[in-house]
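In: The sequence and its predicted three-dimensional model are supplied below.
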Amino acid sequence: MPAPNLPIILIGPMGSGKTTVGTHLAQRLATNYTDTDELFVAQHGNIGQFFTAHGEEVFRDNEQEVVAAALTRDDLGVLSLGGGAVIRLANREIIRERGYVVFLDVSEEQALDRLGDASGRPVLAGDPARNWSRIRTARLDHFTHSAHQVVDTTGLDVDAVATKIIQGYQSFLSGDSTAVMTENTTSATTEEPTIIKVAGGSEHETSGGYDVVIGRGLLSQLPDILGAQTHRVAIILPRALRATGDVVKSTLDEAGFNAILVEIPDSEEGKHIEVASFCWQVLGQSDFTRSDAVVSVGGGAVSDLAGFVAATWLRGVRVIHMPTTLLGMVDASVGGKTGINTAEGKNLVGAFHPPAGVLADLDTLLTLPKNELISGLAEVVKCGFIADATILELIEDNMSQVSNPHAPILRELIERAIRVKADIVSQDLKESNLRQMLNYGHTLGHAIELAERYQYRHGAAIAVGMVFAAELARSVGRLDDATVDRHRTILEGIGLPTSYQGDRWAALLDGIRRDKKNRGEQLRFVILEAQGKPVIYDVPDESLLFAAYQEIAE
């Protein structure tokens, strides 16, 4: 075909092949190839040095000028952008308006193989694989929504990629733009989100409930959830997710909000009164009002802390959760429980404060370490034992796939687990009765976490706690052998522990005595009488607990 009148613009993460594909594509089309990174270097010098000397905002300002200038050239044929250029709304709008935009995607493994030594790329320093994946995930929404066509370059030679682009370009020029995206798109652009409604929303919500949205590329929905009444938005996140936070902030800034990043320590280290006090200080210094909102970005510990901050600031402001872990999606972000830890136990200080919405973006799981995915599965298994038997059957039939973030089975498990929790908390927000069943496995689990000073993964602790509760139920004649054995088979099959140190009983009993379900001196456990039949059991004698513990002691 002749040289394009409408330029072809290539976007994508590092290692997707933009330069190689762009050069080859230009040769096949007998046109010129331009790289905005090269234009930037010609005008301002080394990108890394400029970035270090002037900071990201100044770099992005100058990059935006370079992109705009390149698109005014009459002889422009093929143009490639730096991976982070799509962060700026102005860049996304102008490339979509003035060119045919192709998102070149690639697998993590192939990208790192193409990049080779990452020493020249400071953003990948330390842990190249995880940093590359985190950056790609943070920008994925912008890549997919900017593109007319998506081409996965993994395993393809440059000529095959160029052929796909040319075919898509020809279809686009002929007016068949739908065919372009359908043939070449990724799951991020084709899967429709699932919406699960939860009754009993925040007092600030006129609907009396909220939506949990499950899908991919959901960041673009955040401004609509916040609404026009919101001016300031505090984005509370762990330091490890700064790249994701920057993209969330950029999206909100471009939508007209005044977004503030509030970084807190990772995991349970962030759930302390000192951290909450720091967040309150930031809100106060930012003139945060009741019409403003908090957004949590991270795992369960982040949503617990952010929800608590939102519940207590001015006696309650709205909070929206964007969970980035499996545990956060299926448990902490849904239901409105908030809390911080004390020296005496986990989540002993907190409030019930339902969110205004939850965006469970499955793309964030692509960068989650496998042990974190497995940990989150404990809460999914719990939902299977207390309510949805299909969850257990799906896990048993797909044991090797349930911790694969690309596998469709994981999405189904996530949706089913969220539906279980949504149904329960819609009926019993403040845990007066039914909601206590969601604590199956948590009494001993929380005691283990306390004894381990919160260095033991939550999911692992809950897994042990469920087996303990099953053994307790069996010992008092409430649960059959097959269901107890099924606990061990499923949990061990997905890589979770089912036993714990035998010499820690005294410390664990101390934690059990502080459990929130207890009434006075009466110790209470959630146990099963059968799959799907959880009940509260008042323990008549602590010796029964010790006997059950002997069944799980190492």
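Out: Alright, I've got the coordinates. Residues are numbered from 1 along each chain as shown.
In: quick one, domains of this protein?
Out: 8-174, 194-368, 426-551 (the TED database).
In: Identify whichever of the ones you listed lies nearest to Gly384.
Out: Of all the domains of the chain, domain 426-551 sits nearest to Gly384, with 7.9 Å by Cβ to Cβ. C-beta: built from backbone N, CA, C; applies to glycine.
In: Of the domains of the chain, which stretch is the most buried?
Out: Greatest average neighbour count among the domains of the chain goes to domain 194-368 (a mean of 21), per mean count of other Cβ atoms under 10 Å.
In: For that one, measure first residue to last.
Out: When the termini of domain 194-368 are compared using Cα to Cα, to the nearest Å, they are 21 Å apart.
In: Could you measure from Leu365 over to Pro405?
Out: 4 Å (Cβ to Cβ, to the nearest Å).
In: Residues that sit against both of the two, list them.
Out: Common neighbours of Leu365 and Pro405, using Cβ atoms under 8 Å, 6 or more residues apart in numbering, are Leu373.
In: chain center to stretch 469-477: distance?
Out: Centre-to-centre, stretch 469-477 and its host chain are 36 Å apart (Cα atoms, centre = their mean, to the nearest Å).
In: again with stretch 485-502
Out: When C-alpha coordinates are averaged (Cα atoms, centre = their mean), stretch 485-502 and its chain have centres 26 Å apart.
In: Over to stretch 48-62?
Out: Computed by Cα atoms, centre = their mean, the chain-centroid distance of stretch 48-62 equals 28 Å.
In: cool, stretch 277-293 as well?
Out: Once both centres are worked out by Cα atoms, centre = their mean, stretch 277-293 turns out to sit 24 Å from its chain's centre.
In: got the contact list for it?
Out: The contact list for stretch 277-293 (Cβ under 8 Å, 6+ apart) reads 204, 226, 229-234, 236, 258, 260, 262, 264, 305-306, 309-310, 312-314, 316-320, 356.
In: And the residue nearest the centre of the chain?
Out: Thr324 (1.6 Å; Cα atoms, centre = their mean).
In: Please report how far that one lies from Tyr210.
Out: Counting by Cβ to Cβ - Thr324 and Tyr210 are separated by 19 Å.
In: if I look at the residue nearest to the centre of the chain, how far off is Gly209?
Out: Applying Cβ to Cβ, one obtains 24 Å for the distance of Thr324 from Gly209.
In: any idea what sits nearest Gly495, other than its immediate chain neighbours?
Out: Taking Cβ to Cβ, 6 or more residues apart in numbering, and ignoring the residues beside it in sequence, Gly495 has Ile374 as its nearest neighbour in space, at 4.6 Å.
In: What residues does the one you found make contact with?
Out: Counted by Cβ under 8 Å, 6+ apart, Ile374 has contacts Ser403, Gly459, Ile494, Gly495, Leu496.
In: Which residues in the helix or strand containing it does the neighbour count mark as buried?
Out: Per DSSP states H and E: Ile374 is located in helix 370-386. In terms of neighbour count (16 or more other Cβ atoms under 10 Å), helix 370-386 has its buried residues at 372-386.
In: C-terminal to that helix, what's the next element?
Out: Using DSSP H and E, the helix or strand that directly follows helix 370-386 along the chain is helix 389-397.
In: ok, now which ones touch Pro355?
Out: Counted by Cβ under 8 Å, 6+ apart, Pro355 has contacts Gly201, Ser202, Tyr210, Gly307, Arg318, Val319, Ile320, His321, Ser333, Gly336.
In: The third one and Pro354 touch, don't they?
Out: Yes: in this structure, Tyr210 sits in contact with Pro354. The criterion is Cβ atoms under 8 Å, and the distance is 6.3 Å.
In: Over to Ile527: give its phi and psi.
Out: When quoted as degrees, to the nearest 10, the phi and psi of Ile527 stand at phi -130, psi 170.
In: How about it: what's its closest non-neighbour residue?
Out: Once flanking residues are discounted, Ile527 sits nearest to Ala473: 3.9 Å by Cβ to Cβ, 6+ apart.
In: Make sure I have this right: the one you found is in a strand.
Out: No: counting by DSSP: H, G, I helix; E, B strand; the rest coil, Ala473 is not part of a strand but helix.
In: can you give me the mean pLDDT across stretch 511-522?
Out: The average of the pLDDT scores along stretch 511-522 is 84.
In: Over to stretch 137-147?
Out: In this model, stretch 137-147 has a mean pLDDT of 85.
In: start to end distance for stretch 395-408?
Out: 12 Å.
In: Now do that stretch: everything it contacts.
Out: 362, 365-366, 368, 370, 373-374, 377, 380-381, 384, 394, 409-410, 413, 489-490, 493-495.
In: Show me what the helix or strand harbouring Gln167 is packed against.
Out: Counting by DSSP H and E, the element that carries Gln167 is helix 158-173. Under the contact criterion of 3 or more Cβ pairs under 8 Å, 6 or more residues apart in numbering; DSSP states H and E, helix 158-173 touches helix 18-28, strand 100-105, strand 149-152, helix 177-184.
In: which residues of the stretch 1-150 of the chain score low on pLDDT?
Out: In the predicted model of the stretch 1-150 of the chain, residues 1-4, 117-123, 125-126 satisfy pLDDT under 70.
In: mind redoing it with 80?
Out: For the stretch 1-150 of the chain, the stretches with pLDDT under 80 are 1-5, 116-127, 129-130.
In: Compute the inter-axis angle for the helix holding Gln167 and helix 18-28.
Out: Going by axes from the mean of the first three to the mean of the last three Cα atoms, to 10 degrees, helix 158-173 is angled at 70 degrees with respect to helix 18-28.
In: now the angle from helix 158-173 to strand 100-105?
Out: Interaxial angle, helix 158-173 versus strand 100-105 (the same axes, to 10 degrees): 140 degrees.
In: Distance from the chain centre to stretch 437-450, please.
Out: Centroid separation between stretch 437-450 and its chain, computed with Cα atoms, centre = their mean, is 23 Å.
In: typo on my end, stretch 68-88
Out: Centroid separation for stretch 68-88 versus its chain: 31 Å, with Cα atoms, centre = their mean.
In: for it, how far is the first residue from the last?
Out: Length of stretch 68-88, first residue to last, Cα to Cα: 12 Å.
In: if we can go back for a sec, if you average pLDDT over the helix holding Ile374, what comes out?
Out: Per-residue pLDDT values over helix 370-386 give a mean of 96.
In: Mind jotting down where the helices sit in the stretch 351-500 of the chain?
Out: Here the stretch 351-500 of the chain has its helices, by DSSP state H, counting those that start in this stretch, at 370-386, 389-397, 408-427, 442-451, 458-475, 481-493.
In: List the contacts of the residue nearest to Leu252 when sequence neighbours are not counted.
Out: Leaving aside its sequence neighbours, Leu252 sits nearest to Ala259 (Cβ to Cβ, 6+ apart; 4.0 Å). By Cβ under 8 Å, 6+ apart, the residues touching Ala259 are Arg232, Val233, Ile235, Val248, Lys249, Leu252, Asp253.
In: Farthest pair within those?
Out: Largest separation among these by Cβ to Cβ: Arg232 and Val248, giving 14.2 Å.
In: where in the stretch 251-400 of the chain is pLDDT low?
Out: Along the stretch 251-400 of the chain, the model assigns pLDDT under 80 to residues 367.
In: change it to 90
Out: By pLDDT under 90, the low-scoring segments of the stretch 251-400 of the chain are 254, 266-268, 343-348, 363-370, 400.
In: Can you lay out the contacts of Pro355 as JSON lines showing secondary structure and distance to Asn347?
Out: Converted to JSON lines, the contacts of Pro355 look like this (DSSP: H, G, I helix; E, B strand; the rest coil; distance: Cβ to Cβ, whole Å):
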{"residue": "Gly201", "secondary structure": "coil", "distance to Asn347": "21"}
{"residue": "Ser202", "secondary structure": "coil", "distance to Asn347": "19"}
{"residue": "Tyr210", "secondary structure": "strand", "distance to Asn347": "21"}
{"residue": "Gly307", "secondary structure": "helix", "distance to Asn347": "11"}
{"residue": "Arg318", "secondary structure": "strand", "distance to Asn347": "21"}
{"residue": "Val319", "secondary structure": "strand", "distance to Asn347": "16"}
{"residue": "Ile320", "secondary structure": "strand", "distance to Asn347": "21"}
{"residue": "His321", "secondary structure": "strand", "distance to Asn347": "16"}
{"residue": "Ser333", "secondary structure": "coil", "distance to Asn347": "15"}
{"residue": "Gly336", "secondary structure": "coil", "distance to Asn347": "13"}
